[in-house]
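>>> Any chance you could fold what I've pasted below:
(2 chains)
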2 protein chains.
Amino acid sequence: MPQPRTPVVVLAGGTGGAKLARGMLDLVGEDLVVIANTGDDIDIYGAHVSPDPDLVSFWLADRIDERGWGLADDTFAVMDGLRDLGAEVWFNLGDRDLAWCLERRRLLDDGATPTQALAALAATIGAGGRVLPMCDAPVRTRVRTAGRWTAFQEFMIRERAAGPVEDVALDGIQSARPTAAVLEALALARAIVIGPSNPIISIGPILAVPGMREALRAAPAPVVAVSPIVGGQVLKGPTAAFMAGAGLPVTTAGIAQAYAGVADALLADEADGVASLPVRIAGTLMDDAAARRAVAAEALDLADAVRMGA
Amino acid sequence: MPQPRTPVVVLAGGTGGAKLARGMLDLVGEDLVVIANTGDDIDIYGAHVSPDPDLVSFWLADRIDERGWGLADDTFAVMDGLRDLGAEVWFNLGDRDLAWCLERRRLLDDGATPTQALAALAATIGAGGRVLPMCDAPVRTRVRTAGRWTAFQEFMIRERAAGPVEDVALDGIQSARPTAAVLEALALARAIVIGPSNPIISIGPILAVPGMREALRAAPAPVVAVSPIVGGQVLKGPTAAFMAGAGLPVTTAGIAQAYAGVADALLADEADGVASLPVRIAGTLMDDAAARRAVAAEALDLADAVRMGA
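Okay, the predicted model is just below:
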């Protein structure tokens, strides 16, 4: 699949980044390239599950379920079957979602890279734009709480993200490299937008891939970050706990600190006295398609402004 | 799970052996022990599928589907999902059947033996009696046709068992041994019945496990075989092609030849001039529960007759 000539690149974790990407798809169509976190990946049920790239792909195909994850109208016969067999089903996966992840496992076993496997899968559901795993090497996020390390999904689901978070580790990150597709997209991009995802566990792993920060700095395009904090709160997931664990205030200032040296400007709903980089104030709620488009447009406009030196 | 004190042991492949086992369950209840062929096992969809032991277990739980395989009332959402993703779905597996096989894979990965995994699974569906894999080591049946070797399931399903069959190989058989549970059941048995399954590819692998023939010969119990040939025909599957490939006539005489040195007597619907061992003539159709019980009772009675020296 050829790259768009001047892509708009969105860095994304789960829902926040995915919603922004969906809004961006309305604006730039096939010029959209999403770089997605793979630190949440998990091998389970004989399948390879890649929650963030999959969530983004489902959003870009308008196949995301209302529950916020998985495929719309999916059934759960296999999970029900496992429960009836006495298995502990702590990681829920719909039947068609499982098929998707089993097919990925098969493609990987047949020698495809994660990038190739996702492209093949995404094509079958007509996902718009292009979703790229941040790297093809396996990276696994782990979380330390109360002195004990837990795999990311187990922490999030089994332990219901019960903090406080003391530390985050990214197993395998030192061997990971941005893929050629990621590097090409960044080099060609006309705008790079860090989506409103968790800066520590969603965007953090992307930025931690050795060479990624350098590629972002070397990219001619402006890098703008959309804050995940709305009205002083984090809308989804345990972002606050992870920011606190990283010593960051859960404020626009904390987001600015998280993206220091990476972002050229910040889109947030309040300025919070940030001086280290320009902050544009705008609504960042993305409750419907119009709002998603509006936030994406604002991010693009902010990137233009940065490029113009405004 | 303790063994029954004086089990009735049934050697079984797929449907024929499973039906006989189900009839036997009505007669001897928890004294039933089935030793099932694992040469048809296949690793697919991230799961470990063990068709013969599973088929027997589903029969013994009255959960077999009318189609003749798989769990009753199962759905096929994962297979449909795989097809929609462009995957070639040549091996069909229901959602709950997949759950069963995924849970087996997990149990095996956690260190369970195939014997332990099947016992755990069978207990959850209330299967009567006890089904034992013939061995815990992996054995894989392959088939040669037109000079080319094919894995068993691919031959049976993808190639629709298109013969003629030139040869059969059992990969891994030399490293396999009857399990302790199998040896104990045979040693304690009051009767051993070879079910009306394919003598080459269903019962053949069981008998080929090194030590199995010796254990059968050493067992105090009589060994009676139920012929899979009804009215001069084989009711299910490609038994005729495999018997022809092994140089055996598709007759009672061919069955007697296949079990020479193992069976003490044969239950068949025609004598066919067999002189090498006693043949009792009886109907062997097992179309309903009463017929399954009747054939099982006939086999038990024949075993009694052999024991009495009749």
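>>> burial measure for A:G283, as a count.
Residues near A:G283, counting by other C-beta atoms under 10 Å in any protein chain shown, number 13. (Each C-beta comes from the backbone N, C-alpha and C, glycine too.)
>>> and it, how far is that from B:D40?
Distance check for A:G283 against B:D40: by C-beta to C-beta, to the nearest Å, it reads 61 Å.
>>> what's the burial count for the residue in the stretch 1-150 of chain A that chain B sits nearest to?
In the stretch 1-150 of chain A, the residue that lies nearest chain B is A:G46 (1.5 Å; C-beta to the nearest C-beta). Number of residues near A:G46 (other C-beta under 10 Å) recorded here: 22.
>>> same check, this time on A:L108
By the criterion of other C-beta under 10 Å, A:L108 has 15 neighbours.
>>> Does the nearest residue in space to it that is not next to it in sequence lie in a helix or a strand, and which?
Closest residue in space to A:L108, ignoring its immediate chain neighbours: A:A117 at 5.6 Å, by C-beta to C-beta, 6 or more residues apart in numbering or on different chains. Secondary structure assignment for A:A117, by DSSP states H and E: helix A:114-124.
>>> Near chain B, which residues of chain A? Just list them.
Within chain A, the positions near chain B by C-beta under 8 Å from any C-beta of the partner chain are A:45-47, A:74-75, A:77-82, A:84-87, A:95-100, A:102-103, A:105-106, A:120-121, A:124.
>>> which ones are touching A:V234?
A:V234 makes contact with A:P228, A:A240, A:V250 under the criterion C-beta atoms under 8 Å, 6 or more residues apart in numbering or on different chains.
>>> Name the SS class of the residue in the stretch 151-300 of chain A that chain B sits nearest to, please.
Nearest residue of the stretch 151-300 of chain A to chain B (C-beta to the nearest C-beta) works out as A:E154 at 15.2 Å. For A:E154, the assignment made with DSSP: H, G, I helix; E, B strand; the rest coil gives helix.
>>> Quick one: name whatever helix or strand follows the lowest-mean-pLDDT helix or strand in chain A.
The helix or strand of chain A with the lowest confidence, counting by mean pLDDT, DSSP states H and E, is strand A:233-234 at a mean of 78. Downstream of strand A:233-234, the next assigned helix or strand under DSSP H and E is helix A:239-245.
>>> Could I get the CA-only coordinates of the next helix or strand after that next one as CSV?
Counting by DSSP H and E, the next helix or strand C-terminal to helix A:239-245 is helix A:252-258. Extracted in CSV, the C-alpha atoms of helix A:252-258 (Å, rounded to 0.1, in the frame of the first residue of the first chain):
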residue,chain,number,x,y,z
THR,A,252,-2.7,21.2,30.9
ALA,A,253,0.7,22.0,32.5
GLY,A,254,1.2,18.3,33.2
ILE,A,255,0.4,17.4,29.6
ALA,A,256,2.8,20.1,28.4
GLN,A,257,5.5,18.6,30.6
ALA,A,258,4.8,15.1,29.3
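>>> Just name whatever secondary elements helix A:252-258 is in contact with.
strand A:229-230, strand A:265-268 (3 or more C-beta pairs under 8 Å, 6 or more residues apart in numbering or on different chains; DSSP states H and E).
>>> I'd like those laid out as TSV, including distance to B:S202 and mean pLDDT.
Shown next, in TSV, are the helices and strands packed on helix A:252-258 (distance: least, C-beta to C-beta, whole Å; pLDDT from 0 to 100):
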stretch	distance to B:S202	mean pLDDT
strand A:229-230	64	89
strand A:265-268	67	97
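>>> Could you single out the most deeply buried of those strands?
strand A:265-268 (a mean of 24; mean count of other C-beta atoms under 10 Å in any protein chain shown).
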